[in-house]
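Visitor: need a structure here:
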Amino acid sequence: MRLTVLGCSGSLSGPDSPASGYLLTVPGQQPVAMDFGPGVLGSLLQHVDPNDVAIALSHLHADHCLDLPGLLVWRRYSPVPAVAKGTLIGPPGTAQRIGAASSEYPGEVDDITDTFEVGTWVDGVLVELGGMTFFPRRVNHPPQTFGFRVTGPAGQVLTYSGDTGVCDELVELAEEADVFLCEASWTHDPVNRPPNLHLSGREAGETAAKAGAKSLMLTHLPPWTWPDEVLAEAREAYDGPIRVVRRGDVIDIS
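Guide: Got it, this is the predicted structure:
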């Protein structure tokens, strides 16, 4: 099971990276893109045919989903358009959210079901996708947001936090994960940041330690957050292998 970082900038696309998007691949299986924020389609084109990819959305904030209107254009109008409908799974309201962004007329919703079969995550219900098993759990972030525990064909485990504040569900998802891909949007300041929205570097490290994760990969750092500071905070709480991911990173999970 391979993870390729298509984009990892938090809250918006940044000077060095698109917003959130991660490609998961298993040999001989359909590729899966987890999240599809601004700029992700361009990165995806460097790796696979966009017509071949299934999409798994953690939530419907713009930085995690709003390059999908571009994917609709690709699938509908590229010289070799998609023959079959693609798979798109997200929180309730995904078709309406993406359709509203895609529509060329204000107040109208593009019917994306010509292009995608749209499914909905149900908390705790397993989904088979791309030769992998996705276990979604609701995490602590508005609007309705899911983190994923993804198990590969050899039993390897990737946990993706999505966006979240501190919560027990995230610890559950990350338990003994081979790779814990965890957001760390801020340095730790309990007073001057909104509660129940994002993790600090310290909180990401504490979560990894509680879960017994085998490695921690920090992501979703906005352009205004210094990676070295977030990394130092996480290292104070977690003593396993740790790094801040970058666009283009390729991680084999075994």
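
Visitor: check what pLDDT Arg194 gets.
Guide: For residue 194 the amino acid is Pro, not Arg. The per-residue pLDDT reported for Pro194 equals 88.

Visitor: that one belongs to a helix?
Guide: No - counting by DSSP: H, G, I helix; E, B strand; the rest coil, Pro194 falls outside a helix, being coil.

Visitor: for burial, what's the neighbour tally of it?
Guide: Using other C-beta atoms under 10 Å, Pro194 has 9 neighbouring residues. Glycine gets a C-beta too; all of them are placed from N, C-alpha and C.

Visitor: swap in Arg246?
Guide: When neighbours are counted by other C-beta under 10 Å, Arg246 comes out with 12.

Visitor: try Gly119
Guide: For Gly119, the neighbour count with other C-beta under 10 Å is 16.

Visitor: is it true that it touches Gly86?
Guide: No - assessed by C-beta atoms under 8 Å, Gly119 is found out of contact with Gly86, at 11.2 Å.

Visitor: ranges for the helices of the stretch 151-254 of the chain?
Guide: When assigned using DSSP state H, counting those that start in this stretch, the helices of the stretch 151-254 of the chain occupy the ranges 168-173, 201-211, 227-237.

Visitor: mean confidence score for the first one?
Guide: Helix 168-173 shows an average pLDDT of 98 in the prediction.

Visitor: now it: how far from the chain's centre is it?
Guide: Here the centre of helix 168-173 is set off from its chain's centre by 16 Å, with C-alpha atoms, centre = their mean, to the nearest Å.

Visitor: stretch 165-172 too?
Guide: Its chain's C-alpha centre and that of stretch 165-172 lie 16 Å apart, by C-alpha atoms, centre = their mean.

Visitor: any idea how far Glu229 is from Asp189?
Guide: Per C-beta to C-beta, to the nearest Å, Asp189 is found 11 Å from Glu229.

Visitor: who's the nearest residue to Tyr22 once chain neighbours are set aside bridged to?
Guide: Take Tyr22 and drop its neighbours on the chain: the residue closest to it by C-beta to C-beta, 6 or more residues apart in numbering is Met34, 4.5 Å away. Met34 forms beta bridges with Tyr22, Ala56, as assigned by DSSP bridges.

Visitor: tally of neighbours for Met34?
Guide: 25.

Visitor: right, and it touches Thr25 too?
Guide: No - checked against C-beta under 8 Å, the pair Met34 and Thr25 is beyond contact range at 11.5 Å.

Visitor: count the neighbours of Val109 for me.
Guide: Neighbour count of Val109, defined by other C-beta under 10 Å: 15.

Visitor: ok, it - contacts?
Guide: By C-beta atoms under 8 Å, 6 or more residues apart in numbering, the contact set of Val109 is Gln96, Gly99, Ala100, Ser103.

Visitor: a markdown table for the residues you listed, including pLDDT, neighbour count and secondary structure?
Guide: Listed next are those as a markdown table, based on pLDDT from 0 to 100; neighbours: other C-beta atoms under 10 Å; DSSP: H, G, I helix; E, B strand; the rest coil:
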| residue | pLDDT | neighbour count | secondary structure |
| --- | --- | --- | --- |
| Gln96 | 98 | 14 | helix |
| Gly99 | 98 | 21 | helix |
| Ala100 | 98 | 15 | helix |
| Ser103 | 98 | 15 | coil |
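
Visitor: fine by me, we can end here.
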